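Peer 1: Below is the structure, and that's it, no one-letter string:
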Ligand code: ADP
Ligand code: MG
């Protein structure tokens, strides 16, 4: 009671800021979000296990001192770590660890407390059974401030979903996008967009009750209510919500009882003009293990997908992130990152953090060489797929021409040859079809790509110097 956790953390930050390098401060402290203060334990959320380990290793004394200063001798610190669970489909979950208890994270999949809510951004869930006053629910919307529309970069990849989300936030429950279902592969911004809608609703309509839950949380609460024999309280709680956001609804697959109760809640909310927002890794037609009546409900509104962002959007996402964290990074490094990691925004951000960490650790300036080294490590462990974009970039750099040139209509010999080489490597290193490769390399058809591959193979066999070029390029592409 008394002091508020944001204030406390602000005070800590101002002390910390005076005691360490500014860049280290930006890298390691600005991304931290305080999430609660209870029994003199301040919980701070950190973006990854790596981050947590870093803090424990380098800043623990400073942290301890500052916490004691703010909270007195009894003051403690606890981390809430957003984990990437590589054993389970790389859905993030969080784990809470008191400070200086490093053992606990060594193998999180084993030592995880049973009640841990996998798949959630946060471990705290509102307790549905103390029917709280409206105020209390408002406080526990579980929305993450950073996941705002402002921070969500718009691109062709997300235009429909984003504008539908925006429309919903302007007029919750009153558009035909009810439910709004956002689907995509992992790491493309579903959770972010879902939060953005929730935050925007709260901005527009402070009195509306918004709740974000993961499907695991929802399921867990339901099971708990069955155990305690108070399912009605559970249902009542959900019926009070004006905007219900359920993340990763695919996890409800095969859980018949939970589907039943969700169906019930869905109908009630929908009938009363309340807004429902769902996210999923698949469109409704491809969802398995779902009751047909539920699936048909999902199809009532709008299902909008998020695609892989194109290069410009990836660059914009990185720039926004850097701007937000107040960090400067050379443009060529940003571009390089965006080229190299093309299929998953979360990985892109992970690589960015690794580079920042690396430069802060070794007190090195951030250069393209450093970036290459990091990407190499990072990408090896996540088995990167080489993209056509990336190959083009390498080829262009090698021959010192621009991307525009390689994709232009020009018939200049060097350019044509560079383009053919890019096609040849795309065929060799990506799973893309000839048609797709053609499309990305100057809007050519599949026959042109096939011809290019033959030409390059011939040249390798007949021209020694050319063969050396190709071998050098091959090395660069594989880094
Ligand atoms: P998903 O829920 O689809 O797995 P997330 O919403 O967790 O993906 O997104 C992964 C990361 O990528 C988050 O940090 C998110 O902020 C970021 N991100 C994804 N898309 C965008 C975007 N268009 N603009 C800014 N950040 C994005
Ligand atoms: Mg998600």
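Peer 2: Good, I have the coordinates. Source: prediction; values computed, not measured. Ligands and ions are numbered 1, 2, ... in the order given.
Peer 1: Leaving out the residues flanking it, which one is nearest to the closest residue to ligand 2 within the stretch 251-400 of the chain?
Peer 2: Here the stretch 251-400 of the chain gets closest to ligand 2 at one residue, residue 279, 6.4 Å apart by C-beta to the ion. Backbone N, C-alpha and C define where each C-beta goes, glycine included. Using C-beta to C-beta, 6 or more residues apart in numbering and skipping the chain neighbours, the partner closest in space to residue 279 is residue 190 (4.1 Å).
Peer 1: Tell me the confidence at that neighbour?
Peer 2: Per-residue confidence (pLDDT) for residue 190: 97.
Peer 1: quick one: contacts of stretch 336-346?
Peer 2: 84, 92, 185-189, 308-309, 311, 314-315, 317-318, 347-348, 351-352, 355, 368, 371-372, 375, 378-379, 384-385, 387, 389-390, 393 (C-beta atoms under 8 Å, 6 or more residues apart in numbering).
Peer 1: in the chain, what residue is nearest ligand 1?
Peer 2: residue 189 (2.8 Å; C-beta to the nearest ligand atom).
Peer 1: Tell me if I'm right that that residue and residue 307 touch.
Peer 2: No - taking contacts as C-beta atoms under 8 Å, residue 189 lies outside contact range of residue 307: 10.0 Å.
Peer 1: Which one's more surrounded, those two?
Peer 2: It is residue 189, of residue 189 and residue 307, that has more neighbours when counted by other C-beta atoms under 10 Å, with 23 against 16.
Peer 1: Pull the contacting residues for that one.
Peer 2: 152, 158, 306, 345.
Peer 1: The third one contacts residue 186, correct?
Peer 2: No - contact criterion C-beta under 8 Å: residue 306 and residue 186 do not qualify, at 10.7 Å.
Peer 1: what about the two, which has more around it?
Peer 2: residue 306 (24 against 17).
Peer 1: Find the nearest non-adjacent residue to that one, please.
Peer 2: Here the nearest residue to residue 306 in space, its sequence neighbours aside, is residue 184; by C-beta to C-beta, 6+ apart that works out to 3.7 Å.
Peer 1: per-residue confidence for the one you found?
Peer 2: The model's pLDDT for residue 184 equals 96.
Peer 1: where's it relative to residue 307, distance?
Peer 2: 7 Å (C-beta to C-beta, to the nearest Å).
Peer 1: shared neighbours of residue 189 and residue 307, anything?
Peer 2: With C-beta under 8 Å, 6+ apart as the test, residue 189 and residue 307 both reach residue 158.
Peer 1: Quick one: residues contacting residue 163.
Peer 2: Taking C-beta under 8 Å, 6+ apart, one finds nothing in contact with residue 163.
Peer 1: Tell me the secondary structure of it, please.
Peer 2: helix (DSSP: H, G, I helix; E, B strand; the rest coil).
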